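> After the sequence you'll find the predicted model.
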Amino acid sequence: MSPAFAAPTTPEDAAEFLERLAVSLSRVLGPAAAGTLVVQRHRSLGDRVAGRAGAVRSLRLTLPSALLSVQVGGPGLTATAQRVVRGVTIARRDVPVGEFLELLAAGVADLAASTAGGSAAAARALAALGLAPAADALLVDPADVTGSLRSLPARARGLVPDAALPLVQALVDRLLDTVPRVAGGGVDPARLAVRSAAVDYLPDTLRAFAVLPREWARSHVLPGAGTAEQLLLDQLGVLLEAVTRLHDAAVLEDASGLVVNGLFLTDRFAGSSLDLPD
């Protein structure tokens, strides 16, 4: 989620924000919303006459280890976070709305990953809520592949773990040297594989990670896959190995090697478990 979030400053804006959040949470959580999400509304006489549901006044989300609530208060919103152990609240504190949304993002990602099986589900859930960060900063422009690649490591700083940055830089260096070697060549699968690695596989893997809450990605263990942070490092490592083979084959002008490694890249990364949401 973007740290530049601006909290609503009027009761009307606050109610509208809570309405959108309630609708998004209900859609994302699906059947699970019945046991985790409580929405309280205020129905005026006009609402009752017109058959309207009324304005949302508060939301409460129950998670395995926390209870999060936000409500219209004063000119805008007030929020609280409670730590829960075995059904007993052991700590309660008021939190800024921005921090509430960070906690909410982590909770929703946790629910989505545990019920749907992985960080891809978490990423889709957060994107549907509008809580994902501006991962478009990690795009590679197909019209300027070389220029976009050169700036990618700097753009990735702060959006991916520091441990991933050397891998990103190594991938960019390999790709920058490989792209011109296959440009205009006669081996179409090779050009396609290198271009796909530069424009799709590398930036999409980074962007898929960037939509996840930072602490959740660092500490939450996915079934059979470790943390999302470790999964990112593993995938970048596999991609670097494949791109290195493409680069070496290009240097040696080994057309058959380019084709084989191009097919490997397509097979390995076309269905990445860190795929971005639709």
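All right, it came through fine. Numbering: from 1, shown residues only.

> low pLDDT regions in the stretch 151-278 of the chain?
184-188, 213, 225, 253-259, 270-278 (pLDDT under 70).

> which residues of it fall in helices?
Under the criterion DSSP state H, counting those that start in this stretch, the stretch 151-278 of the chain contains helices at 165-182, 188-196, 202-210, 214-219, 228-251, 255-269.

> Can you check which of these gets nearest to residue 22?
Residue 22 lies closest to helix 214-219 among those, at 22.1 Å (Cβ to Cβ). Where C-beta positions appear, they are placed from N, C-alpha and C, glycine not excepted.

> Can you tell me which helices and strands the closest one packs against?
helix 97-116, strand 226-227, helix 228-251 (3 or more Cβ pairs under 8 Å, 6 or more residues apart in numbering; DSSP states H and E).

> which one of these lies closest to residue 59?
helix 97-116 (9.0 Å).

> Let me have the helices of the stretch 151-278 of the chain in TSV, extended by mean neighbour count.
Shown next, in TSV, are the helices of the stretch 151-278 of the chain (neighbours: other Cβ atoms under 10 Å):
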stretch	mean neighbour count
helix 165-182	19
helix 188-196	19
helix 202-210	25
helix 214-219	17
helix 228-251	20
helix 255-269	18
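
> Between those, which one is closest to residue 36.
When these are compared by Cβ to Cβ, helix 214-219 sits nearest residue 36, at 16.8 Å.

> And the contacts of that closest one?
Residues outside helix 214-219 that contact it (Cβ atoms under 8 Å, 6 or more residues apart in numbering): 105, 106, 109, 110, 119, 122, 161, 209, 227, 228, 229, 232.

> go on, stretch 144-158?
Contacts for stretch 144-158 (Cβ under 8 Å, 6+ apart): 137-141, 164-165, 168-169, 172, 175-176, 179-180, 195, 198-199, 202-203, 206.

> Quick check: buried residues in it?
By neighbour count on 16 or more other Cβ atoms under 10 Å, the buried set for stretch 144-158 is 145, 148, 149, 152, 153, 155, 156.

> Give the residue spans of the stretch 1-150 of the chain that score low on pLDDT.
1-9, 112-136.

> All the helices of it, in order from the start?
11-29, 33-36, 45-50, 97-116, 119-129, 145-156.

> burial count for the residue lying closest to residue 100 once chain neighbours are set aside?
Using Cβ to Cβ, 6 or more residues apart in numbering and skipping residues adjacent in sequence, the residue nearest residue 100 is residue 79, 3.6 Å away. Per other Cβ atoms under 10 Å, the neighbour tally for residue 79 reads 23.

> Would you confirm that residue 79 contacts residue 94?
Yes. Using Cβ atoms under 8 Å, residue 79 is in contact with residue 94, at 7.0 Å.
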